[in-house]
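Colleague: based on what follows, work out the 3D shape:
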Amino acid sequence: MKKVIVGIGEILWDMLPSGKALGGAPANFAYHAMRLGEDGWAVSAVGDDALGHEILDLVESKGLNRIITVTDRPTGTVEVELDERGVPTYNIMEDVAWDNIPFTPEMEELAKRADAVCFGSLVQRMNSRGSVLSFVRAMRPDALKVFDINLRQHYYSPEVLEESLKLSDILKINDEEIRIVAGMFGLGDDDAAACRSLIATYGLKLVILTRGAEGSEVITADEVIPQSVGHVDVVDTVGAGDSFTAAFVVAYLRGDSLADAQRLASETASYVCSRKGAMPL
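Modeller: Prediction:
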């Protein structure tokens with residue numbers, strides 16, 4: 001049986017220098033879970049406009065399962081600029097469709113049969129927060145809840161982070177974000193120690209700490225598993241972290257060791273970095 005793996009949150013257009021590309025961390029996550037053979041679902045909202053209709057058509061063409069509500073707000077867009085290494089910076093439009101995701105009976109039914117969900121902090125910046133938390137709380141106790149913290153601009157707060165961590169089994173965080181979180185909660189200067197403090201405080205199973213080209217670490221209460229990255233001809237890094245999370249979750253749910261799950265995640269992210277856009281074929 002395929003696992004039902006859900007990404008809930010923002011779906012939008014990344015306005016890249018080379019043109020627009022479908023984006024949003026949860027949709028990227030669901031897409032890569034589907035590409036790896038599972039039953040991936042994207043849950044979000046778009047506007048009743050040309051950009052929204054184009055998203056619906058494109059998601060359908062990719063074969064991705066979805067609950068994407070059409071709202072009276074405009075479809076989300078993000079202005080993306082890439083530096084000389086292909087690393088993105090973002091300008092995220094506010095009060096758009098994915099800021100106003102309703103919690104529908106269809107979403108509640110999906111939550112009850114989901115095996116895993118991935119959600120972040122960005123989608124909780126406005127009116128979608130209640131819907132996201134309701135979805136996670138409606139899931140089975142044994143279902144996997146992954147908080148891909150995904151700090152963007154000023155769209156996070158201690159309250160949002162704490163409530164999300166309390167609901168989660170796994171935290172995915174990068175090396176820049178752990179410094180922000182450690183400073184916010186007074187966790188000191190050692191990244192691994194800060195991650196272990198979060199594990200102890202919030203009852204997490206583990207923390208995935210990514211370090212870009214320097215690789216990643218899976219941190220549990222009693223071990224740190226490192227994973228390096230081989231040579232990659234980087235085209236852009238948009239969506240690489242989302243693909244990493246999806247591959248790790250797929251492997252974790254099928255019972256792979258943490259090291260094997262991390263290895264698949266690293267290989268998947270490297271492939272995405274070598275292609276244009278967050279959802280390459």
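
Colleague: any idea how far residue 270 is from residue 55?
Modeller: Distance, residue 55 to residue 270, by Cβ to Cβ, to the nearest Å: 27 Å. The way it works is simple: take the backbone N, C-alpha and C, and place the C-beta from them, glycine included.

Colleague: the more surrounded of the two?
Modeller: A count of neighbours by other Cβ atoms under 10 Å puts residue 55 above the other of residue 55 and residue 270, at 27 against 19.

Colleague: before we move on, what SS does that one have?
Modeller: Put simply, residue 55 is helix when judged by DSSP: H, G, I helix; E, B strand; the rest coil.

Colleague: pLDDT score for it?
Modeller: On the pLDDT scale, residue 55 is placed at 95.

Colleague: thought it was touching residue 66?
Modeller: No - in this structure residue 55 lies outside contact range of residue 66 using Cβ atoms under 8 Å: 9.5 Å.

Colleague: can you list the low-confidence ranges for the stretch 151-281 of the chain?
Modeller: 230-231, 234-239, 274, 276-281 (pLDDT under 70).

Colleague: for it, which segments count as helices?
Modeller: Applying DSSP state H, counting those that start in this stretch to the stretch 151-281 of the chain gives helices spanning 158-166, 175-185, 191-202, 240-253, 258-273.

Colleague: got the buried residues for the third one?
Modeller: Applying a neighbour-count criterion of 16 or more other Cβ atoms under 10 Å, one finds 191, 194, 195, 196, 197, 198, 199, 202 buried in helix 191-202.

Colleague: pull that helix out as PDB, backbone CA atoms only.
Modeller: The C-alpha trace of helix 191-202 is given here as PDB (Å, rounded to 0.1, in the frame of the first residue of the first chain):
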ATOM      1  CA  ASP A 191      24.100  23.500  16.900                       C
ATOM      2  CA  ALA A 192      24.000  19.800  18.000                       C
ATOM      3  CA  ALA A 193      23.300  20.800  21.600                       C
ATOM      4  CA  ALA A 194      20.600  23.200  20.500                       C
ATOM      5  CA  CYS A 195      18.900  20.500  18.500                       C
ATOM      6  CA  ARG A 196      19.100  18.100  21.400                       C
ATOM      7  CA  SER A 197      17.600  20.700  23.600                       C
ATOM      8  CA  LEU A 198      14.700  21.000  21.200                       C
ATOM      9  CA  ILE A 199      14.300  17.200  21.100                       C
ATOM     10  CA  ALA A 200      14.200  17.000  24.900                       C
ATOM     11  CA  THR A 201      11.800  20.000  25.400                       C
ATOM     12  CA  TYR A 202       9.300  19.100  22.700                       C
END
